[in-house]
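1. Turn this into a model:
(one chain, ligands or ions: 2)
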Amino acid sequence: MGTKVDKDKNSDGSLLRDKKITIVFVLGGPGCGKGTQCEKIAKHFGFTHLSVGDLLRAETKTGSAYGAMIQTMMKEGEIVPSEVVVKLLQQAMLRSGNNKFLIDGFPRNEENRLTYESVMKIEPAFILFLDCPQEEMERRVLNRNQGRDDDNIEAVRKRFKVFSESTLPVIEYYERKGKVRKVDAAKPIDEVFNDVKAIFAPYKANFVSSSNFNAEAGVEHRMCPALSKRLARCARKTKALFRKRAPV
Ligand SMILES: Nc1ncnc2c1ncn2[C@@H]1O[C@H](COP(=O)(O)OP(=O)(O)O)[C@@H](O)[C@H]1O
Ligand SMILES: Nc1ccn([C@@H]2O[C@H](COP(=O)(O)OP(=O)(O)O)[C@@H](O)[C@H]2O)c(=O)n1
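-> Ligands and ions are numbered 1, 2, ... in the order given. Sure thing, here's the model as predicted:
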């Protein structure tokens, strides 16, 4: 960092080279326990937990231009356009001040993955796949009691369909790259976390402090300058993408 050569390296979009940012995608069907496990990983290993579902729900409350569209799509269990999601992720990463991120519920389809790749260009370290039978996920979602619009039987069934038709192919894509770490998520919470802990063990050494990102509060923290610059560049690219598309 700091030399002209290093700056030039970063500007080609390949942040991996300076090994400063760790991104883990956390995937699995609705109710498999992504949020539950991410909260624990964030605490134990100093990652910032970014739940795309939570970011989208927070966005619906801001009265933004996209809020109403997002609300309708989520109620129907549909996947929100990737430009919106990637933009929210960039903003959240910028605010977090961390350089280790758990991105929960993303990429949910090929469009998410391709948009992320073209805009962010940060290869995920690995994909944590919480594998759980559908009947167990259905039970968990219907007992979740968080007052979510989409935790009813019709929306849950649609989300299962979206998961198997759109998200599983993304997991298969990363499997072919040797990046998937699969865990049996049907076990009790602490047993699942034991398996998860073994996967994250190499990240313990770099643990600085727990940083559990609050989507609604948008807390400001200290920002790593390299990440800040990188994300600012990504934000400009996303803006350009938005300009190309007519408003939804
Ligand atoms: N391993 C588990 N065993 C039993 N219940 C669980 C387990 N993991 C999560 N839950 C519960 O299931 C529900 C869904 O979990 P959550 O973490 O919100 O899933 P997701 O983020 O994947 O939708 C929550 O009520 C949570 O407390
Ligand atoms: N990458 C994503 C993630 C979530 N979402 C939306 O957010 C909803 C809830 O996602 P979530 O991750 O909070 O919850 P689960 O369906 O995993 O329980 C999804 O059904 C989608 O409508 C999206 O559009 N794109």
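2. What distance do you get for the closest residue to ligand 2 within the chain to ligand 1?
-> Minimum separation of the chain from ligand 2 (Cβ to the nearest ligand atom) falls at residue 53, amounting to 1.7 Å. Where you see a C-beta, it was placed from the backbone N, CA and C, and this is true even at glycine. With distances taken as Cβ to the nearest ligand atom, to the nearest Å, residue 53 is found 7 Å from ligand 1.
3. Might one say that that residue is in contact with residue 106?
-> No - in this structure residue 53 lies outside contact range of residue 106 using Cβ atoms under 8 Å: 9.2 Å.
4. more crowded one of those two?
-> residue 106 (25 against 19; other Cβ atoms under 10 Å).
5. Report the contact partners of that one.
-> Contacts for residue 106 (Cβ atoms under 8 Å, 6 or more residues apart in numbering) come out as 25, 27, 52, 85, 89, 112, 116.
6. Distance check, the last one against ligand 1.
-> Just to be clear, that refers to residue 116. Taking Cβ to the nearest ligand atom, one finds residue 116 at 19 Å from ligand 1.
7. One more: the second one?
-> In this view, residue 27 and ligand 1 are 9 Å apart by Cβ to the nearest ligand atom.
8. surely that residue meets residue 132?
-> No - applying Cβ under 8 Å, one finds residue 27 not in contact with residue 132, separated by 11.4 Å.
9. pLDDT on stretch 107-125, on average?
-> The average pLDDT within stretch 107-125 is 96.
10. Can you point out the buried residues in it?
-> For stretch 107-125, burial by neighbour count (16 or more other Cβ atoms under 10 Å) applies to 107-109, 111-113, 115-116, 119-122, 124-125.
11. Which of those fall in helices?
-> 111, 112, 113, 115, 116, 119 (DSSP state H).
12. Any chance of JSON lines for these, columns distance to residue 158?
-> Below are these laid out as JSON lines (distance: Cβ to Cβ, whole Å):
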{"residue": "111", "distance to residue 158": "17"}
{"residue": "112", "distance to residue 158": "17"}
{"residue": "113", "distance to residue 158": "21"}
{"residue": "115", "distance to residue 158": "22"}
{"residue": "116", "distance to residue 158": "23"}
{"residue": "119", "distance to residue 158": "27"}
